[in-house]
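Chemist: sequence first, predicted model second:
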Amino acid sequence: MMTTAEKRVLVLCPNPAIDIFAWVEGFTQGVPNRILKETRYPGGKGLHVGMALSELGIPVTIVGFWGGEAGIWIKRACNKYYPNIEFIGPEISEWSRSCYTFKSRGDFDDTEILGPGPVVTDSNFRHLMDNIETMLPNTALIALCGSWPKGSPENGYQQVIELAKKASVRSFLDCTGPQLANALKAQPYGLHLNRKEITEYFQVEFDTAKKQIMEYCDLAAITDGSKGLYLISENEMHHALAKIEEVISTIGAGDCLLAGIIAGVLQNLPHQSIANLGAACGAANCMRADLGMLHREDVERLLAVMAEQN
């Protein structure tokens, strides 16, 4: 695994969250429903990516909009796990969002309800962009992850990619919707999407979409559920699959997978090794109840098994 380097990975998490794991018997319409137990974690796609990178030994700075007491809690909770993660970005009055994942014996198991987050202003956005620009000279790579809160421009990621290119910093993108459509115009270095996201975006079959995406980036990590990861570059495609005996939770698996891809790129590993590391990180996340987190020893164990199988 990577050791601490001089430059840091900058992770943009515009819409951080308090992730709440809530246990319920079920839901009955029109009457009160009681949560039996709940556990809170620092969340948002960028938080998951940043914590996974830190677990792999990579120095991380996370930039985002930090809303009220909830934003303060997210940063403190994250630093309880990883005290070396640095946080920058504007602190705003409206609270950061809460996102629920329900655990149940019935149909509601792993149902997610995602909060919208605060409303940000043009001034908040300019503050965020100034923070990013200041960090870029000391940045090895920037990861752009997840949704933006209301009030943000729909080309926020596009602006960041263009800013990073001027500083010769590679960017990895993981988002959907208008942010994705606009960001692709700026051609990020790397991209992470799943099968549903890429086929819906291009409105074509999966195999065709995997080819079309290379018009917009240099490296694409495309996941296909239980079938694993396809790591695609201009002239080659590598497949990786890390199997585990029991899936505890899939929340954050794609984010941890992206962290593995980024770690492999930073180490200049061969593409098959990058794919293997990404798949192992995604699978390691599923082995624990902690939302969006992984343990380094699980990753190393999975990589060893994958090496034996090959």
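Modeler: Alright, I've got the coordinates.
Chemist: what mean pLDDT does stretch 178-191 have?
Modeler: What stretch 178-191 shows for mean pLDDT is 98.
Chemist: please read the previous query as pertaining to stretch 244-253.
Modeler: Over the span of stretch 244-253, the pLDDT mean works out to 88.
Chemist: and it, which residues are buried?
Modeler: 244, 249, 251-253 (16 or more other CB atoms under 10 Å). For the C-beta atoms, the positions are set from N, CA and C on the backbone; glycine is no exception.
Chemist: among those, which are in helices?
Modeler: The members of those that map onto helices under DSSP state H are Ala253.
Chemist: would you mind giving the buried residues of stretch 244-253 as JSON lines with distance to His271 added?
Modeler: What follows is the buried residues of stretch 244-253, written out as JSON lines (distance: CB to CB, whole Å):
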{"residue": "Ile244", "distance to His271": "23"}
{"residue": "Ser249", "distance to His271": "29"}
{"residue": "Ile251", "distance to His271": "28"}
{"residue": "Gly252", "distance to His271": "24"}
{"residue": "Ala253", "distance to His271": "21"}
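Chemist: average model confidence for the helix or strand harbouring Val299?
Modeler: Following DSSP states H and E, one finds Val299 within helix 296-309. Average pLDDT, helix 296-309: 94.
Chemist: any idea how far it is from the middle of the chain?
Modeler: Put simply, helix 296-309 sits 22 Å off its chain's centre (CA atoms, centre = their mean, to the nearest Å).
Chemist: buried residues of that helix, list them for me.
Modeler: 298-299, 301-303, 306.
Chemist: can you give me the helices in the stretch 101-250 of the chain?
Modeler: Applying DSSP state H, counting those that start in this stretch to the stretch 101-250 of the chain gives helices spanning 122-135, 156-166, 177-185, 195-202, 206-212.
Chemist: of these, which stretch is the most buried?
Modeler: Comparing these by mean neighbour count (mean count of other CB atoms under 10 Å), helix 156-166 ranks first with a mean of 20.
Chemist: so which helix or strand takes in the nearest residue to Val265 once chain neighbours are set aside?
Modeler: Ranked by CB to CB, 6 or more residues apart in numbering and with sequence neighbours excluded, the top spatial neighbour of Val265 is Ile274, at 6.2 Å. Applying DSSP H and E as the criterion places Ile274 in helix 271-286.
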